[in-house]
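1. Return a 3D structure for these sequence lines:
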Amino acid sequence: MLYFLFAVLLVICGWLASVVVSQRQRLDAAEESAQVERAIVRAAVQRGGRITALDVRQAGDAGIAEIEKQLRRLQASGYCESDLTPDGQTIYIFPAFDDAPIRARRLEKQVLQLAKTTGGLVRLSTIATETELTYVDARQMVHHMHEAGICEPTDDPDAFRFFRTRITDGGETESGTRAAPLVPERNG
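-> Alright, predicted model coming up:
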């Protein structure tokens, strides 16, 4: 009978040990998951809301597979969105930390300031050298500004003519009409 009680006691102790080990493993996994999530949020804040798994990897000790898993989980939960970079790399965008709209407004102000200092005629190559925009990005931004009625293309595909009066955020003049160009139209 003593052997039987001893055997039952060993089985119970073994079961309790497995429960404790299992709980500890779950807690360790939860803590690792929380550390990866903190590294993701930290990287998103530092990089203006746009990160890749490699950006997070540089900030912590977790493996790329675990970081990708957490990023996909956050995306599925609606905390971030994903897109592809021109080179095909997945980029995760956290709207709460995305500073792209702020940068876009700042860059638009820089372009308008260039227009003011150059009499209204601005070259895309000048925008690309005077701002952080690439030539392609400068063309895209000025195209959007043209669609908003802030400027118009010229005969030179590199140059745009900006309008004289103050422009509101929507691209219309204060009176709601299109403004006169800052530089005179060419005659003939």
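
2. contacts and neighbour counts: CA atoms only from here.
-> Fine.

3. what are the ranges of the strands in this protein?
-> Secondary structure of the chain (DSSP state E): strands at 50-51, 81-84, 90-93, 121-123, 151-153, 159-162.

4. if we look at the sheet, which residues does the spatially most central residue of the chain bridge to?
-> Centroid check for the chain by C-alpha atoms, centre = their mean gives Arg50 as the closest residue, at 3.0 Å. With DSSP bridges as the criterion, Arg50 is bridged to Ile93.

5. That one touches Asp98, doesn't it?
-> Yes - under the criterion of C-alpha atoms under 8 Å, Arg50 makes contact with Asp98 at 6.5 Å.

6. For Arg57, give its distance to Asp87.
-> 19 Å (C-alpha to C-alpha, to the nearest Å).

7. ok, those two, which is more surrounded?
-> Comparing Arg57 with Asp87 by other C-alpha atoms under 10 Å, the one with more neighbours is Arg57, at 20 against 6.

8. Contacts only, for that one.
-> The contact partners of Arg57, by C-alpha atoms under 8 Å, 6 or more residues apart in numbering, come to 63-64, 67.

9. Could you find the closest non-adjacent residue to Met145?
-> Nearest non-adjacent residue to Met145, counting by C-alpha to C-alpha, 6 or more residues apart in numbering: Cys151, 6.2 Å away.

10. does that neighbour really touch Arg164, like I thought?
-> No - with contacts counted by C-alpha under 8 Å, Cys151 stays clear of Arg164, the gap being 9.5 Å.

11. These two: which has the busier surroundings?
-> Taking other C-alpha under 10 Å, Cys151 and Arg164 do not tie; Cys151 has more neighbours (28 against 19).

12. Thought Pro95 was touching Val45, still the case?
-> No - using C-alpha under 8 Å, Val45 is not in contact with Pro95, being 10.5 Å away.

13. which residues touch the residue lying closest to Glu81 once chain neighbours are set aside?
-> Closest residue to Glu81 in three dimensions, ignoring its sequence neighbours and counting by C-alpha to C-alpha, 6+ apart: Ile93, at 5.1 Å. Ile93 sits next to 49-51, 80-83 when contact means C-alpha under 8 Å, 6+ apart.

14. Make a ChimeraX selection of the buried ones in the residues you listed.
-> Here is the ChimeraX command that selects the buried residues among the contacts of Ile93 (16 or more other C-alpha atoms under 10 Å):
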select :49,50,51,80,81,82
